[in-house]
Every structure is written in C-alpha cells, then in structure tokens.
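S.K.: I'll drop the sequence and a predicted model, then ask my questions.
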Amino acid sequence: MSLAPAKIDLDRLRALLAGVNAFGANPVTGGFNRPGFSDAHMACISWFEDQMRADGLATRRDGAANLFGRLGDPDGPAILIGSHLDTVIEGGAFDGALGACVALECVRAIKEAGLTLKVPIEVAATSEEEGRFGGMLGSQTITGQVSPGWLETAADAGGFLLTDAMTAQGLDPQAIFTSARPPGSVKAFLELHIEQGPVLEAEGIAIGVADRVSGVCSLECVLFGAANHSGTTPMDMRADAFAGLAEVSAAIPDLVRDHGTDQSRITIGRVDLTPNHPHTIPGMAAFTVILRDVDEAVMRALKRELSKVIRRKADKNGLTHRIFERSWLPPAALDVPLADHALRIAGALGVPAKRMPSGAGHDAQTMQALCPSLLVFVPSRNGISHAPEEHSNWADIEKGANLMLQLLTDLTT
C-alpha cells in the first residue's frame, strides 16, 4: 500500500480541540458542559463553523443543527467524516469533540498537501449525540429515523421538552423532517472516537476498529410507595420505594448472567427520591435504566426480564410501578470493507490494531442505515470517559488521526 504525502499537524489539532473546549468549560471541576441545544453547545457550533469557513469549506446546517463543511464538488455524493460537539454534564475534553476536530484537521492536511479531490468531503459536526433527550438526534435526522410521535414527547431528565429547547435556540423542530439525506447522497461515514473503555490501553494496542456497536434502550422507571415517619412506622408495615429500588439494583448482576452476554450492560444512572428527607421513608423512587447489548434479541430479553424483576420487587415491598421507554437504538453491524481497509492502513503504518465491539453508542451505528460506516477508536487512559478525568495520549491520537487521513485520501483522491 502506498501512503499519501499528507500528514496530520498535531499542534494544529491540539489547538483546534482547545478552541472547542473553551465552550462549557468548568474550571472548578475540570469538566465540560455542552449539553445538546444549550447556549454553550450552540455557541460551539457557530465557532466551529467559523473555523470551517476560514479553511474554505462551504458550510450549512440542517434542521437538527447538524453542521456540515464541504470541500470539493458542490454536487454529487460525498464522504462524510466527523463526530459530535455536545457533551454530557461534566464530561471530558475528548468525547466526540476529538473526532470532529480530527475530521477538520484531515481536510486541512489534504489541502496543505495540494491533493486533488475526485470525491467531495464533508466535515460533519453532529448535534445532540449524547442523548440529553434520548436517542441520537443529529444522526437520526440525517438518516431520516426521527418519528413525529417521539419528537413531540422527547424530554430531558428535568422534563424540559426537546421541541422547547430547539425553539429557544431559534430552531424549527419540524425542519427535522425535511433534513434527511436521500439514499446515495453519502458514499461513506467515517468517525474517530476515544474508546471510552479499558481494552486498548490494557492490551497496548493503539487502534481499535469497531465491527459492531451495541444498541441502547433508555427507560424511565418509577416505584410508588408511601412516605411516612421513619421512627413510628414498623419495618414490616412500610411501602419503602427506595427498598424496592435497592432490590432491583441488586438483582441486575444475576439478570445479566442468566439472560445476557459478555456484551450486556444494565445501568441505573440517575435516581430521584421523594421526599428525600433523612427522617422520612421514601414514597417514590424515580430512576433511569440504560440497557445495552450488541444483539437486539438479547436486548429485548433483558428488557422483558428486567420488567419482571421490577414488578416482583414492587409487589414484595407493597409498591406500584411504571416503566416508560424513552428511546430504543438498535445495535448495528458496521461496514466490513471499510473496517478491512482501516486495518490494512494500520498495518502499512506499523500501528498495532484490532477489531472490537463498541459498548457505547455512536453516530456511526445510526449512519450505517444510510451508508457504509466506519468507527475507529484510540485508547482511553484507565478506560475513563464521561468524566473530567477523561484523557487520551496525544501519541495515540496522532496515530489514529493519520490513519483517518490516509483512509480519507484513499477514498477521495
């Protein structure tokens, strides 16, 4: 394999990422706060668009605030490359933002090397990937997978409607339904991301190439009991919502063992107790459950069995319950030829690489419904992500970025 003359400018890439992370930075915690459709998120999109324009890219946004910067022929199918700019609350510096910055740096390197494009490139900064409102709104919009019913009811953990959040930013939520890319308009989607897990670092491997991505089911669950005095209510006469929740949580490992796989994940991530007072038995426990696996049949079995567990623990503790599905993203098998191509490039560059599943959801899994998609990982220090301690070594990032650059060059020049 002959390698292209273009190379990543690592200092330039670092400066670009630092520019993105000027938005939503919390100097006290070291975390970053750019939740979807927040002021910080929208300001970051505008700043990134300015960077694209300064590099001569023709920019546009769609109805979900996905940002695109195109280089080359304004018509015809393009290669899309990028990731997202939004974060979870108190997230890290690399999740999503690194992939968007690597995409723009690849275009800068191609221009700098004077290469002529035969296929246009679009740098994509997708919107609302982290699922503040459930799902992956940006890539679901691109691929036409947003339903009117879901859009009308989608809300964040605080009950703030997605439609209200968009309207507050001057966006028309209905424009989502005219923003889908037609079949054949995108030749491929390429995404670099941090692994967000410990495997690559533990094995001393610089590059992971995802061959499949876990699906994600997001559930809102509530246990209803009776708030009462903690001193006067006998233990056998209580309807303690937190006791029921604790028993549900304790049952999860056995549930996964009996009905899941080594790729199954069930997480209770947010809990709200009411009245949440030291001397009062909790009368209500509202909690989220995020369920993942790379096999959709396994996901459905886990959801079914989890629902049974919640019902049994509610009955045992004198509670009633409610379970609401906020979103369902099916697992996806990613494009094999693109993965093979990426692994060949890693070999030509002398970079250790491996195929692996992705336990986290990414835009690439949604984009696979529209076009061949590739997801490339670089290692995460100690496997930490979605936290201020998130970090990837720049030596590994440089390897991953140059792999993406070579692949993009192969596909477009």
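M.R.: Here it is on my side, so go on.
S.K.: so what strands line up beside the helix or strand hosting residue 193?
M.R.: For residue 193, the host element (DSSP states H and E) is strand 186-194. Note on strand 186-194: by DSSP bridges, its sheet partners are strand 78-84 (parallel), strand 373-378 (parallel).
S.K.: of these, flag the one that's most buried.
M.R.: Comparing these on average neighbours per residue, with mean count of other CB atoms under 10 Å, the densest one is strand 373-378 at a mean of 28. All C-beta spots, glycine's among them, are computed from the backbone N, C-alpha and C.
S.K.: what about it, distance to the chain center?
M.R.: For strand 373-378, the separation from the chain centroid amounts to 13 Å (computed by CA atoms, centre = their mean, to the nearest Å).
S.K.: give me the mean pLDDT for it.
M.R.: The average pLDDT within strand 373-378 is 98.
S.K.: which other residues reach it?
M.R.: 98, 188-195, 200, 206-210, 213, 332, 334-335, 338-339, 342, 356, 358, 362, 364-365, 367, 392, 396-397, 399-400, 403-404, 407 (CB atoms under 8 Å, 6 or more residues apart in numbering).
S.K.: then stretch 275-289?
M.R.: Taking CB under 8 Å, 6+ apart as the rule, stretch 275-289 contacts 157, 217-231, 233, 238-242, 244-245, 266-274, 306.
S.K.: swap in stretch 71-78?
M.R.: 56-58, 70, 107, 110-111, 117, 119-123, 184-187, 412.
S.K.: which SS class is the residue lying farthest from the centre of the chain?
M.R.: In the chain, the residue that sits farthest from the middle, by CA atoms, centre = their mean, is residue 232; the gap is 47.1 Å. The local conformation at residue 232, judged by DSSP: H, G, I helix; E, B strand; the rest coil, is coil.
S.K.: residues in contact with it?
M.R.: Contacts of residue 232 (CB under 8 Å, 6+ apart): none.
S.K.: and the pLDDT at it?
M.R.: With respect to pLDDT, residue 232 has a value of 97.
S.K.: on that earlier part again, next structured bit after the strand holding residue 193?
M.R.: Helices and strands here follow DSSP H and E; after strand 186-194, the next one along the chain is helix 199-203.
S.K.: which secondary structure elements does that following helix contact?
M.R.: strand 207-213, strand 353-358 (3 or more CB pairs under 8 Å, 6 or more residues apart in numbering; DSSP states H and E).
S.K.: could the ones you listed be laid out in JSON lines, adding distance to residue 319, mean neighbour count and mean pLDDT?
M.R.: What follows is those, written out as JSON lines (distance: least, CB to CB, whole Å; neighbours: other CB atoms under 10 Å; pLDDT from 0 to 100):
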{"stretch": "strand 207-213", "distance to residue 319": "35", "mean neighbour count": "24", "mean pLDDT": "96"}
{"stretch": "strand 353-358", "distance to residue 319": "36", "mean neighbour count": "20", "mean pLDDT": "96"}
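S.K.: nearest to residue 258, out of the ones you listed?
M.R.: Relative to residue 258, the nearest member of the helices and strands packed on helix 199-203 by CB to CB is strand 353-358, separated by 21.1 Å.
S.K.: what's the mean pLDDT across the helix or strand that comes right after the closest one?
M.R.: Per DSSP H and E, the first helix or strand lying C-terminal to strand 353-358 is helix 363-367. What helix 363-367 shows for mean pLDDT is 96.
S.K.: please name every helix or strand in contact with helix 363-367.
M.R.: Judged by 3+ CB pairs under 8 Å, 6+ apart, helix 363-367 is in contact with strand 78-84, helix 137-142, strand 186-194, strand 207-213, strand 332-333, strand 373-378.
S.K.: can you do 6 Å?
M.R.: Applying 3 or more CB pairs under 6 Å, 6 or more residues apart in numbering; DSSP states H and E, one finds that helix 363-367 contacts helix 137-142, strand 186-194, strand 373-378.
S.K.: hmm, residue 129 and residue 36 touching each other?
M.R.: No - using CB atoms under 6 Å, residue 36 is not in contact with residue 129; the gap is 7.8 Å.
S.K.: returning to that earlier point: closest to residue 249 out of the helices and strands packed on helix 363-367?
M.R.: Within the helices and strands packed on helix 363-367, the stretch nearest residue 249 is strand 186-194; the backing value is 28.1 Å (CB to CB).
S.K.: what mean pLDDT does the closest one have?
M.R.: On average, strand 186-194 scores 98.
S.K.: that one relative to strand 207-213, how many degrees between them?
M.R.: Strand 186-194 runs at 120 degrees relative to strand 207-213, counting by axes from the mean of the first three to the mean of the last three CA atoms, to 10 degrees.
S.K.: mind listing the helices in the stretch 251-400 of the chain by residue range?
M.R.: 296-316, 336-349, 363-367, 394-412 (DSSP state H, counting those that start in this stretch).
S.K.: and those helices: which comes nearest residue 40?
M.R.: Using CB to CB, those put helix 363-367 closest to residue 40, at 20.0 Å.
S.K.: ok, back up a step: tabulate the helices and strands packed on helix 363-367 (JSON lines), appending distance to residue 261.
M.R.: Converted to JSON lines, those look like this (distance: least, CB to CB, whole Å):
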{"stretch": "helix 137-142", "distance to residue 261": "25"}
{"stretch": "strand 186-194", "distance to residue 261": "23"}
{"stretch": "strand 373-378", "distance to residue 261": "20"}
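S.K.: on that earlier part again, can you tell me which of the contacts of stretch 275-289 end up in strands?
M.R.: Cross-referencing the contacts of stretch 275-289 against strands under DSSP state E gives 217-224, 228-229, 266-274.
S.K.: out of the residues you listed, which are buried?
M.R.: For those, a burial check counting by 16 or more other CB atoms under 10 Å picks out 217, 218, 219, 220, 221, 222, 223, 224, 228, 266, 273, 274.
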